[in-house]
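Q: fold the following.
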Amino acid sequence: MLKDPSGILLIDKPEGVTSHDVVACVRKNGHFSKVGHAGTLDPLATGLLVLLVGGATHYFSFLMQGEKSYEAIVTLGVSTETGDREGRITRSASYEGVTLEKVQKAFETLQGPQEQIPPMYSAIKYQGKRLYQMVRRGVSVERRPRPIFIRTLELLAFHPPTLSFFLVCSKGTYVRALVETMGEKWGCPSHLSALRRVQSGFFSVAEAVLFEKVRRLDRSALLPFLRELPASDRSSFR
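A: Predicted coordinates:
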């Protein structure tokens, strides 16, 4: 069996593909025995997915600690059971009362440390089962609030019934849940309609290779895209 190389592979994930799909493809095409990722992206989301191959998987916890940056689009006037556009509509209402001033004020109040309750439609485990698997069977469980930190929340465009924003946040932040909180502050049901991760820790999507390209590459073609974790970061982790 071929020995795994050790490195990091930056992937630009398209919409409609799961993080697990990307990992499985790289493992199969590269004949790697150990592949993981540092931060899940929902199928709806696009952008940076950091894969760890071989010995680099030892740095999983370290790489997960970094802040994440996103560009997101919100649809006003409609809420869904999942918090994004893929879920069943649970409520509809007029968005006319959502003004630019209201949006900017909510953004100001949402920056900084806070607590967030993870959504039921998430990959968090409860008694060995994923929450999204439980809710699909009609089971709901109490979730404890988790501390998160919103460093930057910047409005990019405001064109009702949609708006877009740029976000820099701590690990474990659910953007879907954040958008639902925004809607509560505006007094208007809202949901996440698009999400793109542009930064994860010290890695940028500008450095990533498109998954459509990666899925056509064999081991020899994949190896040049593997990059090492900088020595300074390895030593700080230890």
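Q: my guess is Tyr70 contacts Val175, does it?
A: Yes. Applying Cβ atoms under 8 Å, one finds Tyr70 in contact with Val175, separated by 6.0 Å. Using the backbone N, CA and C atoms, a C-beta is placed for each residue, glycine as well.
Q: which SS state does Leu229 fall under?
A: With DSSP: H, G, I helix; E, B strand; the rest coil as the basis, Leu229 sits in coil.
Q: what segments of the protein are helices?
A: Taking DSSP state H as the criterion, the chain carries its helices at 19-30, 60-64, 100-110, 131-136, 175-186, 211-214, 219-222, 231-237.
Q: quick check: neighbours shared by Tyr70 and Val175?
A: Counting by Cβ atoms under 8 Å, 6 or more residues apart in numbering, the contacts common to Tyr70 and Val175 are 167, 169, 195.
Q: which residue is the nearest non-sequential neighbour of the first one?
A: Ranked by Cβ to Cβ, 6 or more residues apart in numbering and with sequence neighbours excluded, the top spatial neighbour of Leu167 is Tyr70, at 4.7 Å.
Q: quick one: contacts for that neighbour?
A: Contact partners of Tyr70, counting by Cβ under 8 Å, 6+ apart, are 47, 166-167, 169, 175, 195-198.
Q: redo that, cut-off 7 Å
A: 167, 175, 195-198 (Cβ atoms under 7 Å, 6 or more residues apart in numbering).
Q: what is the least confident helix or strand in this structure?
A: Of all helical and strand segments in the chain, the minimum by mean pLDDT, DSSP states H and E falls on helix 231-237, at a mean of 47.
Q: can you spell out the domain ranges of this protein, please?
A: When the chain is parsed with automatic domain parsing, its domains come out as 7-65+201-237, 68-199.
Q: sorry, back to before: quick one, which of the helices of the chain is packed in tightest?
A: helix 175-186 (a mean of 20; mean count of other Cβ atoms under 10 Å).
Q: and it, what does it pack against?
A: Helices and strands touching helix 175-186, as assessed by 3 or more Cβ pairs under 7 Å, 6 or more residues apart in numbering; DSSP states H and E, comprise strand 68-76, helix 100-110, strand 190-200.
Q: try it again with 10 Å
A: Helix 175-186 makes packing contacts with strand 68-76, strand 78-80, helix 100-110, strand 112-116, strand 146-159, strand 162-169, strand 190-200 when contacts are defined by 3 or more Cβ pairs under 10 Å, 6 or more residues apart in numbering; DSSP states H and E.
Q: my read is that Val168 contacts Glu154, right?
A: Yes. Between Val168 and Glu154 there is a contact under Cβ atoms under 10 Å: 8.7 Å.
Q: which of those two has more neighbours?
A: Neighbours of Val168 and Glu154, each counted by other Cβ atoms under 10 Å, are more numerous for Val168; the result is 18 against 13.
Q: ok so, going back, take the contacts of Tyr70 and write them to CSV, including pLDDT.
A: CSV is the format used below for the contacts of Tyr70 (pLDDT from 0 to 100):
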residue, pLDDT
Leu167, 98
Val175, 96
Leu195, 97
Arg196, 98
Arg197, 98
Val198, 98
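Q: ok, so of those, who is nearest Ala56?
A: Each of the contacts of Tyr70 was scored against Ala56 by Cβ to Cβ, and Arg197 proved nearest at 19.2 Å.
Q: okay, and the beta partners of that closest one?
A: Gly47, Tyr70 (DSSP bridges).
Q: isn't it up against Ala38?
A: No. At 11.3 Å, Arg197 does not count as touching Ala38 under the criterion of Cβ under 10 Å.
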